[in-house]
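>>> Need coordinates for the below:
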Amino acid sequence: MVDSSPAPEAPRRLVVELGRKTAEDLAWLVEADNLNKTTVVNRAVQVLRRVMEAQHHGGSVTIEDPVRGKTETFVIV
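A predicted model of the protein is given here:
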């Protein structure tokens with residue numbers, strides 16, 4: 001039997017220039033969860049896509065922060 005599933009996609013290299021705040025946030029995320037930069041960026045892209053899909057269909061994303069006692073709705077423009 002021949003395996004007809006598609007071959008795994010080759011990784012793609014991306015070089016980006018980050019502003020100071022974004023670079024600090026990336027460093028914080030890497031340190032906070034003991035992740036590598038690639039994992040953080042991959043997750044960020046996946047989350048952004050889901051948020052934009054939800055917005056496209058009239059939805060939104062709400063974050064509940066029990067420490068501050070606040071709820072925020074995020075809108076990406």
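
>>> just so I have it, where are all the helices in this structure?
Applying DSSP state H to the chain gives helices spanning 20-33, 37-56.

>>> Just put those in a markdown table and tack on mean neighbour count, distance to residue 62 and mean pLDDT.
C-beta here means a position set from N, CA and C on the backbone, and glycine is covered the same way. Output for the helices of the chain, formatted as a markdown table (neighbours: other CB atoms under 10 Å; distance: least, CB to CB, whole Å; pLDDT from 0 to 100):
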| stretch | mean neighbour count | distance to residue 62 | mean pLDDT |
| --- | --- | --- | --- |
| helix 20-33 | 12 | 21 | 96 |
| helix 37-56 | 12 | 10 | 94 |
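
>>> Quick check: which of the ones you listed is nearest to residue 8?
helix 37-56 (15.0 Å; CB to CB).

>>> tell me the angle of that closest one relative to helix 20-33?
Angle, helix 37-56 to helix 20-33, by axes from the mean of the first three to the mean of the last three CA atoms, to 10 degrees: 110 degrees.

>>> Helix 37-56 - contacts with which helices or strands?
For helix 37-56, the elements it packs on are helix 20-33, strand 61-65, judged by 3 or more CB pairs under 8 Å, 6 or more residues apart in numbering; DSSP states H and E.
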